[in-house]
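K.L.:
what shape does this take:
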Amino acid sequence: MTKIHFIAIGGAAMHNLALAVASKAGYQVTGSDDEIFEPALSHLRDAGLLPDEIGWHPERITPDIDAIILGMHAREDNPELVRARELGIKIYSFPEYLYEQTKDKIRIVVGGSHGKTTTTSMILYVLHRLGIEADYMVGAQIEGFERMVRLSDTAKYAVFEGDEYLTSPLDLRSKFLWYHPHVAILTGIAWDHINVFPTFPEYVDTFRKFVHSIEPSADSHQPSAFIYYEGDENLRQLAEEVKQKQSSSLEGRSGGVSVIPYKEYDGDVAMQVFGRHNMQNLQAAMLACQCIGVAPEDFYREIASFTGASNRLEKIFENNRSVAYKDFAHSPSKLKATVNAVRERYPEKTLIACMELHTFSSLMADFLPQYKDCMKEADIAYVYFNPKVIEHKRLTPITAEDVRKAFGTKNVEVFTASEALQERLKSEIINHKSEDQGIALLMMSSGTFDGIDVKSFAAELLQ
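P.N.:
From the prediction side, this is the model:
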């Protein structure tokens, strides 16, 4: 019996990995955390993996544990981690363990500042529909999939969403540098995670390292590939670097990495998803599937029924006049793409777009100018942030006026109290309910607007 202990088991990715490991024969899983929220709480309880007590308990780290998997939520001085290091127990980060479990498989990794989750979900959805088995890690729930991580002894392929954020408290490299893809996708580069990458060149450089981590394929029928969105200037430069490296190598191919540009899908297949950014995601997913033998016509036939990943431009309400979506969008590039997509989809409706500044980067005064014009296509735009979150993250305080000026358009109004935002949304929608064209409501956040059940709230507003 292989014993694995998860430090910080309550995270979205960590608890899904724990469930995946526990489902394999011959593995015993335990874990700990100082806070566990839904849905991880229920998932772990149902699987019998919920810790008996919340908190860190170094006495539970015993010499018979074969490996520790360390989550990013834990600190370097975590008492369980300290104990594990004293005992010399093997410590894996989340991405390191995924690589260890899939190092003999053909790996497809999707990276980029935006569109990672959706593109990864599209690939997995089509492979599942075609009966092609794959291990995976994806950052959202997909229709037809039990959880967000799968590991097996039988799959030939592994499909990972590749995050550029830090690996663990002990490893300050980007997560996706562990995966060594055979097929790598980059959807675009737009500065994010300013707390980790204080300058844009440093941010671009981690994607450069990712491209250089592509492994040559052992299968001559399925060569390695770098698939990139050719509308991104920085990605075009990285593609040129790959081509130059290959042309200057003694073998002429430097491992044989095919460099494949893409634009956006412009075919005539009826799709459930919409927006130019999703058509770009779709084309990248098709090319990745083609690299492992899926015919384009088979891909397009199956993707037609794909409704999207959870929280990614997800429709949460619709009646004969109005519609509401929620989205994970929080960075400038994601925010702009999502607002523009809904505007193009519903040109006749009053578009009310509401977003929360919640991440570390989005709440930094130096980063705010990146949001300029991101919500200009909305008829009404509301931006919310909680000053207490800024205080908790120990950031320099910002004001509502700072945020309004940064967004730079007259349609933007800023709120610092969730209750005030909710009341304004209610009054604004009441004012527009008599209009024939109806309302398109868009709620965007990586948080919860301080406790709003967005789905129920949208239904209440638009009923």
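K.L.:
now His392: phi and psi?
P.N.:
Backbone torsions for His392, taken as degrees, to the nearest 10, come to phi -60, psi -40.
K.L.:
measure it to Cys354 for me?
P.N.:
According to C-beta to C-beta, to the nearest Å, His392 and Cys354 sit 22 Å apart. The way it works is simple: take the backbone N, C-alpha and C, and place the C-beta from them, glycine included.
K.L.:
neighbour-wise, which of these two wins?
P.N.:
When His392 and Cys354 are compared on other C-beta atoms under 10 Å, the one with more neighbours turns out to be Cys354, at 27 against 9.
K.L.:
and the helix or strand that contains the more buried one, what does it pack onto?
P.N.:
When secondary structure is defined using DSSP states H and E, the element that contains Cys354 is strand 350-356. Other elements packing on strand 350-356 under the criterion 3 or more C-beta pairs under 8 Å, 6 or more residues apart in numbering; DSSP states H and E are helix 332-345, strand 380-384, helix 418-432, strand 439-444.
K.L.:
ok, 10 Å please
P.N.:
Helices and strands in packing contact with strand 350-356 are listed as strand 323-327, helix 332-345, strand 380-384, strand 412-415, helix 418-432, strand 439-444; criterion 3 or more C-beta pairs under 10 Å, 6 or more residues apart in numbering; DSSP states H and E.
K.L.:
run the chain-centre distance for the lowest-mean-pLDDT helix or strand in the chain.
P.N.:
Lowest on mean pLDDT, DSSP states H and E among the helices and strands of the chain sits helix 233-248, with a mean of 88. Computed by C-alpha atoms, centre = their mean, to the nearest Å, the separation of helix 233-248 from the middle of its chain amounts to 26 Å.
K.L.:
buried set for stretch 67-77?
P.N.:
Neighbour-count burial for stretch 67-77, counted by 16 or more other C-beta atoms under 10 Å, picks out 67-74.
K.L.:
and if you look at stretch 78-92?
P.N.:
With the criterion 16+ other C-beta under 10 Å, stretch 78-92 contains buried residues 78-81, 83-84, 89, 91-92.
K.L.:
wasn't Gly48 part of a strand?
P.N.:
No - assessed with DSSP: H, G, I helix; E, B strand; the rest coil, Gly48 is coil; it does not lie in a strand.
K.L.:
okay, now it: neighbour count?
P.N.:
8.
K.L.:
measure Pro51 to Ala365 for me?
P.N.:
From Pro51 over to Ala365 the distance is 39 Å, taken as C-beta to C-beta.
K.L.:
domains in this protein, by residue range?
P.N.:
Domain assignment for the chain, taken from automatic domain parsing, gives 2-88, 97-303, 314-462.
K.L.:
about what we covered before: Pro51 and Ala365: who's more crowded?
P.N.:
Comparing Pro51 with Ala365 by other C-beta under 10 Å, the one with more neighbours is Pro51, at 18 against 15.
K.L.:
sec struct for that one, please.
P.N.:
Put simply, Pro51 is coil when judged by three-state DSSP.
K.L.:
does it really touch His57, like I thought?
P.N.:
Yes - checked against C-beta atoms under 10 Å, the pair Pro51 and His57 is within contact range at 8.3 Å.
K.L.:
what is in contact with the two at once?
P.N.:
With contacts defined as C-beta atoms under 10 Å, 6 or more residues apart in numbering, the residues shared by Pro51 and His57 are Ser32.
K.L.:
could you check how far Tyr265 is from Gln280?
P.N.:
Distance, Tyr265 to Gln280, using C-beta to C-beta: 8 Å.
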